Every structure is written in structure tokens, then in C-alpha cells.
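Visitor: Compute the structure for the input listed below.
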Amino acid sequence: RKQFKKAKLNWRTNNPKAKRRSLGWIPFKKTAIKHLVTRQSGKKSLKSTIQLSLAKGKKLIIDVWDSYNLALYGINTCELVQDNRGHWYACITAKEFPKTVCGTGQVGIDLGCKDAAVSSEGDQLQIKVTHQYAEKLAIAQRAKNKKRVRAIHAKIKNTRQDLIHKFTSKLVKANSLIVVGKIKSNSFTSSKLA
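Guide: Numbering: from 1, shown residues only. Here you go, the predicted structure:
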């Protein structure tokens, strides 16, 4: 409030009766966040409990799926963010992230048309596996089932991001030097490569 010189800040709301509907977004400062506990909820998954201070001394306690083990880090800020499917996520920025030692290898990456990327070691990034959802997506679109279409698009996006993240993190952990081949679109269109 001091920063924007306002008595009240209007955060985005997902009220369906509002004239201009927007996705929900609620930011919290470091002073309003307290990490309570991290516990094991499965063989590999963790669950963390976070306490957020609200106005007039009220507290909000939420459980979040914890893939990083928040007990190892100091929480800096937290935002509760809503996506277009109505799901809420806790976006947490951490400080004092533990440093990991990279490998000593060297690798080159070739960006291509058939495969998204191929490393000099033979690893391939194939994001075309998301084509398996094409038939289900077509059925949902013909049926005009907007909720299902949105869910399939989210599944495709998450699958693609997961494949890219696994490929790149594997390269970064194993190599100290990564060289990416330069690619120009006009070299493809004005040559036999087209």
C-alpha cells in the first residue's frame, strides 16, 4: 500500500459476477509466511504445510505438494495463483538455494526439424509424443466440451514441459560446457533442406 500510495489494493479476483473476470492471484510478503512442517505423503512425494497471515490476526493454513522439500530452504515470498482450469498453485521463491556441482563433460546440441534437439552423445528430445492426445482432443472439440478441451491442452503443455525439463536438467548436471548450434530459418527455406 505504501508503494502504490493507496489505502486499499485490489488483487485480481475470479468472481464470476464481475464485469471483467480475471484469474485469482494473492501475493504474500516474507513476514506473512511461516513454514510449519514437511512430511512424507508417499514413497517419493512430500507434503508441506504453510501458514499465511491474513488481516485482523486471521491465519490461513494450506497443504502443498512439495517436490523440492521446502524444509531445506528459506522462503522469501509466496503467491497463490489460479490457472484457467480453476486450480490453485503456491508459487514460492526461496533464498539460499543449495549449490550443486556440475559434471565435467562437454556436449553439443543440434536443433532440428524431426527431433526438437539432439545432443552429440545421441540423446534426443522428442516432444512429438504429445501427438497421442490429438484424437482425444479432436473428439472433445467436435463435442464442444470446453472443459475437456482445456484439460487436454493442459495435459499436452505439462507433458511437453516435463520432457524439456528432464532433457535439459540431465545435460546441465552432466556437463560444464554446452554448445548450441545456430540455426537460421532462411537457410531452410532457401535451400534443399526445405
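
Visitor: Surely I75 is in a strand?
Guide: Yes - under DSSP: H, G, I helix; E, B strand; the rest coil, I75 falls within a strand.

Visitor: Got the confidence number for the closest residue to it other than its chain neighbours?
Guide: Spatial nearest neighbour of I75, excluding adjacent residues (C-beta to C-beta, 6 or more residues apart in numbering): I33 at 5.2 Å. In short, each C-beta sits where N, CA and C put it, glycine included. Confidence at I33, expressed as pLDDT, is 91.

Visitor: Pass me the low-pLDDT residue ranges in the protein, would you?
Guide: 1, 4, 8-14, 20-21, 97-98, 113-114, 183-194 (pLDDT under 70).

Visitor: Quick one: the helices in it, in order.
Guide: Listed in chain order, the helices of the chain (DSSP state H) span 134-142, 146-174, 185-189.

Visitor: How far does the longest one sit from its chain's centre?
Guide: On the basis of C-alpha atoms, centre = their mean, to the nearest Å, helix 146-174 is displaced by 9 Å from the centre of the chain it belongs to.

Visitor: I'd like to know which of the helices of the chain is closest to K99.
Guide: Between K99 and the helices of the chain, the shortest gap by C-beta to C-beta is with helix 146-174, which sits at 12.6 Å.

Visitor: that older thread, would you mind telling me which of the helices of the chain is nearest K47?
Guide: helix 146-174 (20.0 Å).

Visitor: Quick one: list the elements packing against the closest one.
Guide: Under the contact definition 3 or more C-beta pairs under 8 Å, 6 or more residues apart in numbering; DSSP states H and E, helix 146-174 sits against strand 105-111, strand 124-125, helix 134-142.

Visitor: What residues of that helix count as buried?
Guide: 149, 152, 156, 163, 167, 171, 174 (16 or more other C-beta atoms under 10 Å).

Visitor: any idea which of those residues is the one closest to A55?
Guide: A55 lies nearest to V149 out of those, by C-beta to C-beta, at 38.5 Å.

Visitor: how close does the closest one get to A18?
Guide: Distance of V149 to A18, given as C-beta to C-beta, to the nearest Å: 24 Å.

Visitor: can you list the helices and strands packed on helix 146-174 in a markdown table and add mean neighbour count?
Guide: Output for these, formatted as a markdown table (neighbours: other C-beta atoms under 10 Å):
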| stretch | mean neighbour count |
| --- | --- |
| strand 105-111 | 15 |
| strand 124-125 | 16 |
| helix 134-142 | 13 |
